[in-house]
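Visitor: Fold the following for me, if possible:
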Amino acid sequence: MSPAELERILDGYDDEVLSKMEGYDKAIIGVAEGVNLAQPVVAYDVDKVLAQHMAEGMTHDEALDFFYYNQASAAVGPGTPIFIYS
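Guide: The predicted model follows:
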C-alpha cells in the first residue's frame with residue numbers, strides 16, 4: 001500500500017485509537033471493524049510482515065518465530081492490530 005493510500009485510509013481514524021507496529025506500514029492492508037472488536041483496528045498482511053523480516057536477514061523459520069512470539073501474540077489493549085492470512 002502506498003503512503004498516500006495508507007494516509008487516506010487512516011485519516012478517518014483518531015491516531016490514539018489505532019495501534020500500529022512501528023516500521024510495518026507497508027504491510028498494512030486496511031482497518032477492520034466488527035461486532036467482536038471493541039474499536040477499529042489496523043489489519044496487517046502476514047505474508048508482508050514475514051517478507052519484511054526476511055528482507056532484514058531472518059530465515060523463514062526465524063521470521064515465523066519472531067512474528068508469532070513478538071507480534072501475533074502481543075496484546076496492546078482494545079486497539080491491538082489483527083493479522084490477515086491471504
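
Visitor: Count the neighbours of the closest residue to Tyr85 other than its chain neighbours for me.
Guide: In space, and not counting its chain neighbours, Tyr85 is closest to Val46: 5.1 Å by CB to CB, 6 or more residues apart in numbering. For glycine as for every other residue, the C-beta is placed from the backbone atoms N, C-alpha and C. Counted with other CB atoms under 10 Å, residues neighbouring Val46 total 17.

Visitor: Tell me how far Val46 lies from Gln71.
Guide: Distance of Val46 to Gln71, given as CB to CB, to the nearest Å: 9 Å.

Visitor: tell me the contacts of Gly23?
Guide: Gln52 (CB atoms under 8 Å, 6 or more residues apart in numbering).

Visitor: contacting residues around the biggest helix by length in the chain?
Guide: Identified as the longest helix of the chain according to DSSP state H is helix 46-55. With CB under 8 Å, 6+ apart as the contact definition, helix 46-55 has outside contacts at 23-24, 26-27, 29, 60, 62-64, 66-67, 71, 83-86.

Visitor: One more: stretch 25-38?
Guide: 1, 3, 6, 9-10, 13, 18, 20-21, 40-45, 48-49, 52, 78-79, 82, 84.

Visitor: show me where the chain has helices.
Guide: Using DSSP H, helices in the chain cover 3-10, 46-55, 60-66.

Visitor: Perfect, I'm done here.
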